[in-house]
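Colleague: I would like to see how this sequence folds:
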Amino acid sequence: MPLLTLVVPAYNAAGHLGRCVRTLTGASDVEIIIVDDGSTDATAEVAAEFAAAHPQITVIRQQNAGHGGAVNAGVDAATGVYLKVVDSDDWLNPAALDTLVATLRELTRVAEGPDVVVTNFVYERVGRHRKTAVRYRRALPRGRVIGWEHTRRFGPRQYFMMHSLAYRTDLLRTSGLRLPERTFYVDNLFVMVPLNQARRLYYLDVDLYRYFIGREDQSVNEAVMIRRMDQYLRVNRLLVAEVPDKNHVPPALYRYLVHHVATVCAVTSVMLLRAGTEEALQLRADFWREVRRNPQLHRRLRRHPVASVSSLPGRWGGRFSIVAYRVARRLIGFN
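Modeller: The predicted structure follows:
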């Protein structure tokens, strides 16, 4: 059984799949599953060439089911103890990947190991030489298995993405995670649903994941997000529904889950403001009205700096929210 399965969802990825896979094949004890999600370009041929040259690569071909459907297929087929998703337009740092595998080997040698291993990710923005890394140094102790009670408060720019997590494969399966098909932005659910069940964490302070952003056709491009706000709203509502009662999970886990949902709610709120149409503004008002139906969560969101700034009422409140978003975007480099 390999220590780690790397799932690579790929749709019409012939132009960049090779860059991604070449950073994965050097590591030992790693299984690579490329899921060709109904591509209409040469993705299947590129994947087959890599599989022929590297026996640790398996290729799955399926009818197009979207990012969530491709990840589901990879989770179903995985045989590794841990699983990490690497999108086909992103890549990993090979030296950091070696460190991750060596760490997993040590963690599983004498014990069951953590439920989730956290590593850093780096925004690789088109045309921007200065890279921004998201690290968790003040929030998570390094180099030992911890429970949530050992974590500290996460800063506004410290949020987990799919890119920063490697879950135990059996936890992914028993958590009930099943991502919606043909829906964008489901990576937020990949973070949230298993994390509800995770009790043992390990923070490996390496810049492993390289998150390539800035293409005009990318799902996280601002204009694309505004066009797909129906899908972002759908995922946001599913995330809100996943927030447990605070009495049923460790306090620090509940605090992180609220932090995560607050960040996603802020994006929803600001993108609807940026759309600027009467319909979008009505959707924004309706969304926050729905959130208020969970008074426990709504009270916490009102006290969260990111969520509160993004949901200011009125015309001037909306303008202030957009200015705050632009400042954060410039500092962090997302979208």
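Colleague: from now on I want contacts and neighbour counts done on CA atoms only, so please keep to that.
Modeller: Fine.
Colleague: wait, isn't Ile322 in contact with Val270?
Modeller: Yes: Ile322 is in contact with Val270 according to CA atoms under 8 Å; the separation is 6.3 Å.
Colleague: of these two, which one has the most company?
Modeller: Comparing Ile322 with Val270 by other CA atoms under 10 Å, the one with more neighbours is Val270, at 24 against 19.
Colleague: the strand or helix carrying the more buried one packs against which elements?
Modeller: Assigned by DSSP states H and E, Val270 belongs to helix 251-275. Contact analysis of helix 251-275 by 3 or more CA pairs under 8 Å, 6 or more residues apart in numbering; DSSP states H and E lists helix 222-227, helix 229-242, helix 278-291, helix 295-303, helix 305-310, helix 314-332 as its packing neighbours.
Colleague: please state the offset of it from the chain centre?
Modeller: Centroid separation between helix 251-275 and its chain, computed with CA atoms, centre = their mean, to the nearest Å, is 13 Å.
Colleague: contacts for that helix, please.
Modeller: Residues from elsewhere that reach helix 251-275, judged by CA atoms under 8 Å, 6 or more residues apart in numbering: 148-149, 151-154, 159-160, 192, 196, 222, 225-226, 229, 232-233, 236, 239-240, 243-244, 246, 280-281, 283-284, 297, 300-301, 304, 306-307, 310-311, 318, 321-322, 325.
Colleague: ok, Asp207 - contacts?
Modeller: Asn93, Ala96, Thr119, Asn120, Phe121, Val122, Ala133.
Colleague: can I assume it sits in a strand?
Modeller: Yes: under DSSP: H, G, I helix; E, B strand; the rest coil, Asp207 sits within a strand.
Colleague: roughly how far does it sit from Arg135?
Modeller: 8 Å (CA to CA, to the nearest Å).
Colleague: which neighbours do those two share?
Modeller: Common neighbours of Asp207 and Arg135 (criterion: CA under 8 Å, 6+ apart): Thr119, Asn120, Phe121.
Colleague: of the contacts of Asp207, which pair is most distant in space?
Modeller: Greatest spatial distance in the contacts of Asp207: Ala96 and Ala133, 14.0 Å, computed using CA to CA.
Colleague: how about low-confidence regions in this protein?
Modeller: In the predicted model of the chain, residues 127-128, 315-316, 320, 327-335 satisfy pLDDT under 70.
Colleague: domains in it, by residue range?
Modeller: Domain assignment for the chain, taken from the TED database, gives 4-213, 222-332.
Colleague: now the longest one, how far from the centre of its chain.
Modeller: Between the centre of domain 4-213 and the centre of its chain there are 9 Å (CA atoms, centre = their mean).
Colleague: what's the answer for the last one, then?
Modeller: With CA atoms, centre = their mean as the basis, domain 222-332 stands 17 Å off its chain's centre.
Colleague: circling back: drop anything exposed from the contacts of helix 251-275.
Modeller: Neighbour counting over the contacts of helix 251-275 (16 or more other CA atoms under 10 Å) leaves 148, 151-152, 154, 159-160, 192, 196, 222, 225-226, 229, 232-233, 236, 239-240, 243, 246, 280-281, 283-284, 297, 301, 304, 306-307, 310-311, 318, 321-322, 325 as the buried ones.
Colleague: strands along the stretch 101-250 of the chain, start to end?
Modeller: Applying DSSP state E, counting those that start in this stretch to the stretch 101-250 of the chain gives strands spanning 116-125, 132-134, 145-146, 165-168, 201-213.
Colleague: sheet partners, orientation included, of the shortest one?
Modeller: I take that to be strand 145-146. strand 201-213 (antiparallel) (DSSP bridges).
Colleague: run the angle between the partner strand and strand 116-125 for me.
Modeller: Angle of strand 201-213 versus strand 116-125, following axes from the mean of the first three to the mean of the last three CA atoms, to 10 degrees, is 20 degrees.
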